[in-house]
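# Generate a structure from the sequence data that follows.
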Amino acid sequence: MNTDVKKSEVLEIDQESRTLADRVCKQIVTAIVKGDLLPGQKISEPELARTYGISRGPLREAIRRLEGWRLVERKPHIGARVVKLSAEELIEIYRVREALEGMACRLAAEHMTQEEIDSLKSLLDNHELSIEQREGRSYFQKEGDLDFHYRVVQGSKNAKLQEMLGADLYHLVRMYRYQFSVSSSRPKRALKEHRQIIDAIEARDAELAEMLMRRHISAARQNIEEKLNAKEQPQGEQNG
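Reported below is the predicted structural model:
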C-alpha cells in the first residue's frame, strides 16, 4: 500500500478519535456540572464507555482533558474521581471570582461593543425562557458563548483575565455555581442581577458594573455558605 495512503488513513483515524473525545468530553462536563456525576464519585471507564457509546481510547483522552480542567482527579490506589472541593476551597474560589470578575466587568463596560451588548441581552432572554421551562428551579448556562459570565470576561478584552477565569477556574465554578443555585428563588434573582449588570455595561458606567458584579458573586457565595452551614447542622436543629 502507498505510504501516503497509510498516513492519510492514520490521520483520519486520529481525527475521528479526537472528534469522539471532544463530543464525550462535553457530555461528561455537562453531567458533572448538573450533578449527574457527583463530586467525589468514582469514574468507571467501562460504565462511561457504555453510557456514551464510545471506545476506551477516545474516552481516556476525554478523561485526561477533564483532569487538565481539574474536574477529575486521579489518586494512587483509588483511581479517577470527580473532584470534590472542601468548603474552604470553594469559598476561596468565590472570593477570587468576586475580585477578578468585578474587574472584568469594569473593563467590559469600557470595551464591549454595542453589538456584543445586544447579543448578550438576547442571550439573557433565552436564559429567562429556560428558567421558565424549569419552573424557576434552576439556571443552567451552557459553556462558552452561551454562558453570561464567560461572555462578560471575553468582553473585558483582557487576555490575562480571560486566561485566569476561562481556564482552570472556569469549569469548577460552573459546576458549583449550578448545583448551589438549584432552588426556588436564586435562579430568578440571579437572572435579574445579570440584567442589571448588562444595563450598567451598556450605560458605560464602569464603577457601577464592577460593583454589581461583585455584589452578584458575593450573594452567590453567601448562598453557598448558608447551604453548607445547613448541611453541617444536626437534623433536629435544621427542623427547629
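
# Just give me the residue right at the centre of this structure.
In the chain, the residue lying closest to the centroid (Cα atoms, centre = their mean) is Arg174, at 2.3 Å.

# shaky segments in the chain?
Counting by pLDDT under 70, the chain shows low-confidence ranges at 1-17, 136-137, 168, 183-184, 232-240.

# Would you mind splitting it into its domains for me?
20-82, 87-230 (the TED database).

# next structured bit after the strand or helix carrying Pro46?
For Pro46, the enclosing helix or strand under DSSP states H and E is helix 45-52. As assigned by DSSP H and E, the chain's next helix or strand after helix 45-52 is helix 56-68.

# Remind me what that following helix packs against, helices and strands.
When contacts are defined as 3 or more Cβ pairs under 8 Å, 6 or more residues apart in numbering; DSSP states H and E, helix 56-68 packs onto helix 3-34, helix 45-52, strand 72-75. Backbone N, C-alpha and C define where each C-beta goes, glycine included.

# what about His111, distance to Met164?
Relative to Met164, His111 is positioned 17 Å away (Cβ to Cβ, to the nearest Å).

# got it, and Arg186?
25 Å.

# And these two? Which one has more around it.
Ranked by neighbour count (other Cβ atoms under 10 Å), Arg186 and Met164 place Arg186 first, with 19 against 16.

# Might you report the residue contacts of that one?
When contacts are counted by Cβ atoms under 8 Å, 6 or more residues apart in numbering, Arg186 touches 139, 180, 220, 223.
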